[in-house]
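Undergrad: Structure for the following, please:
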Amino acid sequence: MCVVLSAFVCTAVVHGQEQEGGRAEGQKVASQGIKTRIGILDFDVVSDDANLKTQAVDVIIGHLADIGAYEISTNESLVAGYEQIRQRFPQKCREPRCACEIGSTLQLDRLIYGSIEQSEKMYAVRLTMVDVMSRQIIEKTELEGDPGVGLSDVLKAAVQKLHGQLDENADTLTHRYFGPRVDNRKQLAVAAPLCVGGGLVFGLAGGSLGKKDENSAVANVDYIKEYGAMESDMDDMMGVGAGAHLIPMFGRPGALANAYVAASDDAYGVFFNPAGLGWLAGGEAALGYQYRFGLDNVAASFVNKATREIGFGEGFLYNSDRDNLFYEAYFYSSIAYKLNEWIPFMRPIGFGATVKVISKGTGEAQSVSSVTGSAFGLGLDLGAQLELSENIRGGILFRDLPAVLRWYNSLSDTSYMEPVPAAFYWGGTFQAGYQTFMICEVQTPLNEDQVWRFAGGIERIIFRVFRIRAGIQKEADFDTPWKFTGGFGLRVNTERMLGKYLILDGSYEYNTLTTFAHPVNISFRFGF
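TA: Just a heads-up that it's a prediction; the model follows:
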């Protein structure tokens with residue numbers, strides 16, 4: 001093995017020199033003293049120029065040679081090294097753990113991977129350099145050149161930043177890169193009306209939008225005589241929210257104790273904080289199922305970027321018991337705007353809003369003591385997220401601000417309006433390296449009927465594609481139960497088949513008040 005790897009290193013250096021052409025002198029300088037063996041993985045390229053990838057590799061090799069003390073191996077050399085030891089080279093390696101595995105196998109010291117975008121007369125690069133021995137990210141850089149600045153200058157600034165040689169105050173004719181430019185505004189213009197319209201049609205078809213009497217045989221019951229005594233008890237609880245939209249849906253949020261206000265930058269985020277959609281990496285769809293206390297909960301969502309600054313999402317949540325005594329349906333339409341450069345010294349901040357169309361209904365009443373009726377309503381959620389640093393993000397959410405339901409009680413043949421109590425959440429996330437993710441969240445009371453609720457969770461990557469999660473939740477009242485959650489995530493690369501990736505998430509919730517069954521979540525997230 002050692003003989004083969006030594007032969008690979010020699011082959012890699014020669015191959016890199018052949019590709020450099022006129023940069024032989026730079027390699028002579030770099031050959032003096034102890035050399036750091038560094039590999040360059042193929043870049044993801046967004047450009048109409050078919051030669052941009054090769055050109056970028058040549059340029060970055062030259063800039064690395066200028067820094068000196070490097071033995072440089074290109075992606076072709078890395079593949080050749082794997083062939084010599086008869087192993088399969090990992091394709092689409094775009095994360096630190098995978099890069100470290102390649103470096104460890106080929107006895108390299110460092111790996112660089114990233115992406116390059118060309119749009120009109122501008123170049124943008126994202127580069128990450130990892131240390132193989134410590135299995136940590138040394139530095140990441142995201143730079144975009146001003147109009148007219150060439151690829152070589154942008155890459156030079158990026159390489160200098162990777163090595164701590166770029167003065168942040170220097171005028172390098174580059175600025176921070178906030179992702180590729182996209183234009184899916186037509187998709188947004190179609191998806192949002194379809195979702196809201198679907199909620200209206202569902203409410204009309206189900207009868208919640210009108211005064212539908214499920215059982216006229218009991219419509220003449222004296223409601224005031226039979227049920228009026230309950231009104232005072234109900235008024236005491238008007239500050240406590242109830243509804244399927246408060247249930248921790250999907251595997252990942254469920255495993256993290258439903259603390260997701262500051263981490264809603266994926267397809268699950270439609271149901272938690274719309275502001276996170278401004279940080280979407282691309283299009284995603286999700287489907288989830290949960291069994292909780294005899295209730296079946298199904299949720300589905302779709303999210304995408306409309307522009308580089310605007311993210312949007314549509315979602316559907318349905319809750320029902322198996323005897324069809326009651327159901328709830330929620331249609332979500334969310335939009336977010338991320339201010340990338342609001343204030344020069346401030347990191348991005350995003351704001352989002354979600355419109356909810358709500359339908360509720362009961363089955364037919366079997367006796368005068370049965371409740372029957374329907375409800376239709378609208379709600380609004382408002383949220384914000386702020387990047388405090390590369391690894392820290394905070395988020396806030398005002399849920400049901402406002403929200404109101406119009407109830408029709410067919411027992412009394414009456415209609416009335418019922419406001420839904422608002423709730424306020426805030427929290428934060430911390431990315432410790434690239435393998436560990438932590439999150440916390442607090443629900444702050446807005447009225448005397450609500451209580452403080454604290455939640456937190458941790459996620460750890462193991463075996464590159466597998467994630468384990470755990471969480472805990474507790475209300476401030478001493479006699480309330482503890483909730484302990486746990487779960488897993490499995491990510492599979494599907495680029496060779498369809499889309500980009502498929503993620504399977506699962507969670508389990510243990511409630512110390514063991515009167516209730518323990519809920520289970522299962523969900524799929526598909527990137528495209």
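
Undergrad: how much space between Pro274 and Phe437?
TA: 21 Å (CB to CB, to the nearest Å). Just so you know, the C-beta spots here come from the backbone N, C-alpha and C atoms, and that holds for glycine as well.

Undergrad: same check, this time on Glu459
TA: 4 Å.

Undergrad: out of the two, which sits in the busier spot?
TA: Glu459 (23 against 20; other CB atoms under 10 Å).

Undergrad: Am I right that the more buried one is in a strand?
TA: Yes - under DSSP: H, G, I helix; E, B strand; the rest coil, Glu459 falls within a strand.

Undergrad: Quick check: pLDDT value at it.
TA: Each residue has a pLDDT score; the one for Glu459 is 97.

Undergrad: Which stretches in the chain count as helices?
TA: Shown for the chain, the helices assigned by DSSP state H span residues 2-20, 24-30, 52-67, 75-84, 96-105, 151-162, 185-206, 223-227, 231-235, 251-255.

Undergrad: Do me a favour and average the pLDDT over the fifth one.
TA: Just to be clear, that refers to helix 96-105. On average, helix 96-105 scores 90.

Undergrad: need the contact list for the nearest residue to Ile60 once chain neighbours are set aside.
TA: Using CB to CB, 6 or more residues apart in numbering and skipping residues adjacent in sequence, the residue nearest Ile60 is Leu155, 5.3 Å away. Applying CB atoms under 8 Å, 6 or more residues apart in numbering to Leu155 gives the contacts 56, 59-60, 63, 125.

Undergrad: can you give me the end-to-end distance of stretch 159-176?
TA: 14 Å (CA to CA, to the nearest Å).

Undergrad: Could you do stretch 470-489 as well?
TA: Stretch 470-489 end-to-end distance (CA to CA) = 11 Å.

Undergrad: mind checking how far it is from the chain centre?
TA: 22 Å (CA atoms, centre = their mean, to the nearest Å).

Undergrad: Kindly report the same for stretch 377-391.
TA: Distance, centroid of stretch 377-391 to centroid of chain: 13 Å (CA atoms, centre = their mean).

Undergrad: CA atoms only: put that stretch into CSV for me.
TA: Extracted C-alpha coordinates of stretch 377-391, given in CSV (Å, rounded to 0.1, in the frame of the first residue of the first chain):
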residue,chain,number,x,y,z
GLY,A,377,-60.6,30.9,9.5
LEU,A,378,-57.5,32.8,8.4
GLY,A,379,-54.2,33.3,10.3
LEU,A,380,-51.0,35.1,9.9
ASP,A,381,-47.5,34.2,11.2
LEU,A,382,-44.6,36.7,11.2
GLY,A,383,-41.0,35.8,11.7
ALA,A,384,-37.4,37.0,11.4
GLN,A,385,-33.9,35.4,11.4
LEU,A,386,-30.5,37.0,11.8
GLU,A,387,-27.0,35.7,11.1
LEU,A,388,-24.9,36.6,14.1
SER,A,389,-21.8,34.9,12.8
GLU,A,390,-20.8,32.1,10.4
ASN,A,391,-22.0,29.5,12.9
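
Undergrad: residues of it that come out buried?
TA: 377-379, 381-387 (16 or more other CB atoms under 10 Å).

Undergrad: And stretch 321-331, by the same measure?
TA: 327-331.

Undergrad: would a markdown table of those residues with pLDDT and distance to Met417 be doable?
TA: What follows is the buried residues of stretch 321-331, written out as a markdown table (pLDDT from 0 to 100; distance: CB to CB, whole Å):
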| residue | pLDDT | distance to Met417 |
| --- | --- | --- |
| Tyr327 | 89 | 21 |
| Glu328 | 91 | 18 |
| Ala329 | 93 | 19 |
| Tyr330 | 95 | 19 |
| Phe331 | 96 | 20 |
